[in-house]
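**Q** Provide a 3D model corresponding to the input given below.
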Amino acid sequence: MRVYAIELTKDDDSWLVTCPALPEVTSFGDTEEDARTHAADAIEEALAARIADGRDIPLPSVTNKGSNVVVPLQTQLKVELYQAMREDGKSRADLQRAMKTHRPQVDRLFDLNHASKLSQLEAAFRALGRDVDIAVKAA
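**A** Just a heads-up that it's a prediction; the model follows:
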């Protein structure tokens, strides 16, 4: 599970939120809850920008203070796919050939705003010689 620690700071009549692992994440909210929601959106946008730019994505960082953001499952899968390709030195063209599909379909697998089918993500991992394992646990 990808969980990123966030820091919430009261700033006059609003809340400032940052993410130490992703320095580009800075957002605000009128309430603490609002700030947490904006943080989740900002973290997802930061991850999308890093994928688009071909940059490293830091490992999740959890705090014991309870100020954490859980990245949506589909985003986690797409980030893991991106990381697996980087580790293997593979390009999107390599993945396209391995999946025997069209380039736009491969590109959508890395678009965090696109709701990819789970079967497509599984096929991409298989094409890279990887398995996906999911664990369910009590909250």
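**Q** contacts, neighbours, all on C-alpha from now
**A** Fine.
**Q** buried sites along the longest helix belonging to the chain?
**A** Longest helix in the chain, counting residues (DSSP state H): helix 32-53. Using 16 or more other C-alpha atoms under 10 Å as the test for burial, helix 32-53 gives 32, 35-40, 42-48, 50-51.
**Q** ok, and what's touching it?
**A** Helix 32-53 has contacts (C-alpha atoms under 8 Å, 6 or more residues apart in numbering) with 6, 8, 14-19, 22, 24-29, 56-57, 69-71, 75, 79, 82, 110-112.
**Q** any regions of this protein where pLDDT drops low?
**A** 64, 66 (pLDDT under 70).
**Q** mind doing that once more with 80?
**A** The chain contains residues with pLDDT under 80 at 1, 62-66, 139.
**Q** quick one: the helices in it?
**A** Under the criterion DSSP H, the chain contains helices at 32-53, 73-88, 92-99, 103-108, 118-127.
**Q** picking that back up, so which of the contacts of helix 32-53 are in strands?
**A** Leu8, Ser14, Trp15, Leu16, Val17, Thr18, Thr26, Ser27, Phe28, Gly29, Val69, Val70 (DSSP state E).
**Q** nice, that's everything, thank you.
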